[in-house]
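Pasted the sequence and its predicted model underneath.
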Amino acid sequence: LVSHETCPKPTVIRLGEVEIGNGCKPVIIAGPCSVESEEQTLRIARQVKEGGAKLFRGGAFKPRTSPYSFQGLGKAGLKILEKVRSETGLLIVTEATDSENLKLVEASTDIIQIGARNMQNYSLLRRAGQTKKPVILKRGLSATIEELLMAAEYIMAEGNTQVILCERGIRTFSDNTRFTLDLSAILSVKAASHLPIIVDPSHAAGRRDYVIPLSRAAIATGADGLIVEVHSDPPSALSDGAQSLYPEQFCQLVKEVEYLNMLG
Ligand code: PEP
Ligand code: MN
């Protein structure tokens, strides 16, 4: 189902006025790593909306490396995201980390995110395939393109063909960045599949000063969009502050993407 043979035309995911895929204007999804409080979330939502984002990201259920790190606000976080939607009109992207919270996430969000650490959680993929919401499927930390596509196949085989793939950096010997952004993943996915692919430069880089240059490269390589972390006060962020853009940097990023897109 993921291949060009079964679907010769590129898939375009439509959500209201937003279109993702097939050379449409690149979509920009922005927001904090985690939903921390209503005040923090609404403030950032207004800032990214002002900057030009149409979709808002923010984790309520967080897959953290350490069990002692902030795990997200859970259900209360989803309520805050619903408030973001009703107060700003931004569409919501948030992660489901297991089949239990998937039901809650499905009810609150516009796009369900499946994180890198769950890319091969086949029961979760199957459950996501039974929902009616588009799914952003992030590439596993050490997953090949074939494994990423087969993970998407699990979702599609259950009947949900609205899958957006996401390159977010992979593990390599290079430790100068948090992960290594694999730009050629964009090309390999497009060669093999009709599905859209977006890029997450934030988790790949792990540092905010690399996010704009990597975003330029992703758009120039043909990515269908970006998902980036933005925080109004990155040093105080409860997760991923070092890679979160300041709102002014986000505005700059949007301008640069628009410029690149204009060049074609
Ligand atoms: C995230 O988007 O905040 C996240 C945890 O991403 P990933 O699954 O790519 O690490
Ligand atoms: Mn994060």
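Arrived safely. Being a predicted model, the structure only gives us computed values, none of them experimental. Ligands and ions are numbered 1, 2, ... in the order given.

ok, and what's touching the helix or strand where Glu229 lies?
Under the criterion of DSSP states H and E, Glu229 resides in strand 225-229. If you take Cβ atoms under 8 Å, 6 or more residues apart in numbering as the criterion, strand 225-229 is touched by 20, 26-33, 57, 93, 136, 166, 196, 198-203, 211, 215, 218-219, 240, 243-245, 250, 253, 257. (Each C-beta comes from the backbone N, C-alpha and C, glycine too.)

Considering only the residues you listed, which also neighbour ligand 1?
Checking the contacts of strand 225-229 against ligand 1 by Cβ under 6 Å from any ligand atom, the ones in range are Cys33, Asp200, His203.

Out of those residues, who's the most crowded?
Neighbour counts for those, by other Cβ atoms under 10 Å, peak at Asp200, which reaches 29 neighbours.

List the contacts of the closest residue to it other than its chain neighbours.
Nearest residue to Asp200, sequence neighbours excluded (Cβ to Cβ, 6 or more residues apart in numbering): Arg168, at 3.9 Å. Contact analysis of Arg168 by Cβ under 8 Å, 6+ apart lists Ala116, Lys138, Arg139, Phe179, Val199, Asp200, His203, Ala204.

Just give me the closest of the residues you listed to ligand 2.
His203 (5.8 Å; Cβ to the ion).

Next SSE downstream of the helix or strand containing the closest one?
Taking DSSP H and E as the criterion, the element that holds His203 is helix 201-205. Next helix or strand after helix 201-205 toward the C-terminus (DSSP H and E): helix 211-221.

do you know how far Ile197 is from Ile13?
Using Cβ to Cβ, to the nearest Å, Ile197 is found at 12 Å from Ile13.

The two: which is more packed in?
Ile197 (27 against 22).

Now pLDDT too, for the ones next to ligand 1 among the contacts of strand 225-229, in TSV please.
Below are these laid out as TSV (pLDDT from 0 to 100):
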residue	pLDDT
Cys33	98
Asp200	98
His203	98
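
Output those residues as a markdown table; include the columns distance to ligand 2.
Output for those, formatted as a markdown table (distance: Cβ to the ion, whole Å):
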| residue | distance to ligand 2 |
| --- | --- |
| Cys33 | 3 |
| Asp200 | 9 |
| His203 | 6 |
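
if we can go back for a sec, need the overlap of contacts for Ile197 and Ile13.
By the contact definition Cβ under 8 Å, 6+ apart, Ile197 and Ile13 are jointly contacted by Ile164.

which bits of the stretch 151-264 of the chain sit near ligand 1?
By the rule Cβ under 6 Å from any ligand atom, the part of the stretch 151-264 of the chain lying against ligand 1 is Arg168, Asp200, His203.

need these in a markdown table with distance to Thr65, can you?
Listed next are these as a markdown table, based on distance: Cβ to Cβ, whole Å:
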| residue | distance to Thr65 |
| --- | --- |
| Arg168 | 15 |
| Asp200 | 17 |
| His203 | 12 |
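
Now do the strands in the stretch 151-264 of the chain.
163-167, 197-199, 225-229 (DSSP state E, counting those that start in this stretch).

Identify the residues contacting the spatially closest residue to Gly77 that is not a sequence neighbour.
With sequence-adjacent residues excluded and distances taken as Cβ to Cβ, 6+ apart, Gly77 is closest to Ala60, at 2.8 Å. Shown in contact with Ala60 (Cβ under 8 Å, 6+ apart): 34-35, 72-78, 80-81, 94-95, 105.
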